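*Asks:* sequence first, predicted coordinates after that:
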Amino acid sequence: MTAIPSTSARPPAAVSTSGAKKSTKKHRRTLDMTLPSASDSSSLTGHAHLLATKWMSPAKLAELIASEGLVYKKGKFSAIEIKQINDAIENYRTTRNLSEEDVNAIIFPSDEKQRDAVFWSELSSAVSERPIIAVYHYVRRARHPMKGQGKWQPEEDAKLIQAVTSLGQQWENVARLVGRMATDCRDRYRNHIVNRDKRVSGPWSSAEEEKLTQIVVDMQKGKDLDNDIFWGKVSEMMGGTRTRQQCRIKWTDSLSKRYKADGQSARWSSRDSFILIHKIDSLNVRDDTEIDWKTMQDPQWNLWSAHVLQRRWLTMKKGIKGFEDMTHPEIMDILRVKNADVPHAKVVKSAKFVVDSDDEEPRAGSSTGPGTSAGQRKGDSSDSDSE
DNA sequence: CCTCAAGGTAAGGGTAATTTTAGTCC
DNA sequence: TGGACTAAAATTACCCTTACCTTGAG
C-alpha cells in the first residue's frame, strides 16, 4: 500500500531568504568561505559548509541571506532531523571509541579545554540546513541531565522563590539550587510565580476580552505583524491578572479572528477538513512533524490560526484506528478518501466566507457572541479594582 | 592592547500536549 | 436526568531564537 507520493522530496522546506540566488561574493570579510570546495566528497554545498562551521550571529545570517541568497531552516526540529542528529552523535562516539560519558563531557564540558568544535561541526553537517548555533542549543537542551521533570511541586516552587529572592535572575545559579534546568526555572517564574496572587484563571469575562483586544489593537497600530506584540508587556497592561501565555493564546486563537471577522466566529465544517487535507497533501511531506503550520494559514480561508489547524489535523489523525503504527503517507491515503468529496457548494476559495447555511450550521446559539453564553461570569468582585 | 570568533547565559517569543469545560445526542 | 461523546477553551510544560556578555587566541 502506501503508494509513496513519489514526487522526489523537494528541496529543503527551508524558509528565509528572498530569492536572489547568490551573486558576487566579493563580500567575504573574515568568513573566508571555502565555497564549493571541489572536495565536495562530503557533498556539502558551500552554504551548508558555512552553516556547519561558522558560529554566526543572527545579524551575520541576515547579512548572508541578503548578499548571498543563503537559505537555512528555522523553527522546531523535525523528527527526521532529530534522528539525523542522534545518529551523528552515535557515529561520532563509535568511530572514536568513546563512551556515553565521554560524549556527555563534550556536550557539557567542565572546563574550556575540553571544548570540541569538530564535534559540533559534524553534528551540524548532518542537518545541513541548520546553523551550528541552532544545533548546539538544541542538543544542549535535549541532552540536559535535568530536563523533563514534569509538573512542578509546591516545594519546588518554594525553593525557586527563595532562590530568586536571594540570587535574583541568575538562572544558572538558581537552577543549581532548585534542581531544574535554568530555562525551566525562568519559565516557571515568569509564567506562574510572578503576580501569582493577582492571577485569574478560567473563562475570560467580556470585559477582559474587550480590554485585551483594545490593548493588542493599539500596540499593533502601524504595524501589521502579530509578532510585533510583546506579550509580557500586554500581560502587564492587563494588570498582571493574565499571563503572557494566556493573553497570547486568547488573542491568536480566538479574539484576533473574531476581531478581523467583525465579531463573527466561524465554526469548523467538513469543507474545512477537505481544504486542510488537500493543503497538507500538496506539501508532500514524509512526516507530519515536517509541516510548517504557519504556511498553512490563508487569509482567504476563514482566518484559522496555525494552532487551530494543527489541532484539527491531530483530531483527524487520531480518528483513524491504528494511526500510531502508520506512516504519514498511509494516514493521508485514508484521510484523502474520507474527505474525497467537497460538501456541496464549491470550494469556497473566495472572500470572507459568508456563513450561509452550510452543513455544520454555525448557529446553534452557541458561538458566544461577544458576551452570550458563559460570558460575563458576573462582575465577581474584582473586575473593578482598577487596572 | 586590540579584535574577533567561540561559546555561555538571559531575555524574548512561541508551540503543542494535556486538562477542563461546555454542548449535543440519545 | 444523565451518561457518552465531542468540540472548544484553557492551562502549562516544553521549545527555539536573539541579545548580550565573557574569554582567550592571534
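*Replies:* Ah, there it is.
*Asks:* residues contacting the nearest residue to residue A:244 once chain neighbours are set aside?
*Replies:* Leaving out its chain neighbours, the residue that sits closest to residue A:244 by Cβ to Cβ, 6 or more residues apart in numbering is residue A:231, at 3.8 Å. Heads up, the C-betas are built off the backbone N, CA and C, glycines and all. Contact partners of residue A:231, counting by Cβ atoms under 8 Å, 6 or more residues apart in numbering, are A:244-245, A:247-248.
*Asks:* from residue A:180, how far off is residue A:231?
*Replies:* Residue A:231 sits 23 Å away from residue A:180, going by Cβ to Cβ, to the nearest Å.
*Asks:* then residue A:47?
*Replies:* On the measure of Cβ to Cβ, residue A:47 and residue A:180 end up 38 Å apart.
*Asks:* neighbour-wise, which of the two wins?
*Replies:* Set side by side, residue A:47 and residue A:180 show more neighbours around residue A:180, with 24 against 21, by other Cβ atoms under 10 Å.
*Asks:* OK, contacts around residue A:154?
*Replies:* Applying Cβ under 8 Å, 6+ apart to residue A:154 gives no contacts.
*Asks:* related to what we said a few turns ago, in TSV, list the contacts of residue A:231 along with pLDDT.
*Replies:* Formatted as TSV, the contacts of residue A:231 follow (pLDDT from 0 to 100):
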residue	pLDDT
A:244	92
A:245	92
A:247	92
A:248	90
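*Asks:* mark which of those residues are buried, thanks.
*Replies:* A:244, A:247-248 (16 or more other Cβ atoms under 10 Å).
*Asks:* tell me if stretch A:125-139 is near DNA strand C.
*Replies:* Yes: contact of stretch A:125-139 with DNA strand C (Cβ under 7 Å from any atom of the strand) involves A:133-134, A:137-138.
*Asks:* same thing with stretch A:56-68?
*Replies:* Yes: using Cβ under 7 Å from any atom of the strand, stretch A:56-68 reaches DNA strand C at A:57-59, A:61.
*Asks:* residue in the stretch 101-250 of chain A nearest to DNA strand C?
*Replies:* Proximity of the stretch 101-250 of chain A to DNA strand C (Cβ to the nearest atom of the strand) peaks at residue A:201, 2.7 Å away.
*Asks:* can you tell me the SS state at that residue?
*Replies:* Here residue A:201 is coil, with the state taken from DSSP: H, G, I helix; E, B strand; the rest coil.
*Asks:* sticking with the residue nearest to it when sequence neighbours are not counted, tell me its helix or strand.
*Replies:* Using Cβ to Cβ, 6+ apart and skipping residues adjacent in sequence, the residue nearest residue A:201 is residue A:246, 8.0 Å away. Using DSSP states H and E, residue A:246 sits in helix A:244-250.
*Asks:* report all helices and strands that that helix contacts.
*Replies:* Based on contacts counted as 3 or more Cβ pairs under 8 Å, 6 or more residues apart in numbering; DSSP states H and E, the elements that helix A:244-250 packs against are helix A:206-220, helix A:231-237.
*Asks:* quick one: contacts for residue A:335?
*Replies:* For residue A:335, the contact set (Cβ under 8 Å, 6+ apart) comprises A:277, A:316-317, A:320.
*Asks:* ok, residue A:315 - how many residues close by?
*Replies:* Neighbouring residues of residue A:315 were enumerated by other Cβ under 10 Å; the total is 11.
*Asks:* so it, which of the three states?
*Replies:* Assigned by three-state DSSP, the conformation of residue A:315 is helix.
*Asks:* model confidence for it, exactly?
*Replies:* Note on residue A:315: pLDDT of 71.
*Asks:* give me the contacts around the top helix by length along chain A.
*Replies:* Scanning chain A for the longest helix, with DSSP state H as the assignment, gives helix A:79-95. Helix A:79-95 has contacts (Cβ under 8 Å, 6+ apart) with A:77, A:98-100, A:102-103, A:119, A:122-123, A:125-127, A:130, A:135, A:138-139, A:142, A:286-287, A:289-290.
*Asks:* strands - which of the residues you listed land there?
*Replies:* Of these, none are assigned to strands by DSSP state E.
*Asks:* before we move on, back to that, give me the buried positions along the longest helix of chain A.
*Replies:* Applying 16+ other Cβ under 10 Å to helix A:79-95 flags A:81-82, A:84-85, A:88-89, A:92-93 as buried.
*Asks:* check stretch A:233-251 too.
*Replies:* For stretch A:233-251, the neighbour count (16+ other Cβ under 10 Å) marks A:234-244, A:246-248, A:250-251 as buried.
*Asks:* filter those residues down to the ones close to DNA strand C.
*Replies:* Near DNA strand C, by the rule Cβ under 7 Å from any atom of the strand, you find A:243, A:246, A:250 out of those.
*Asks:* got the residues of the stretch 1-150 of chain A near DNA strand B?
*Replies:* Checking the stretch 1-150 of chain A against DNA strand B by Cβ under 7 Å from any atom of the strand, the hits are A:29-30, A:53-56, A:76, A:109, A:112, A:115-117, A:120, A:136-137, A:140.
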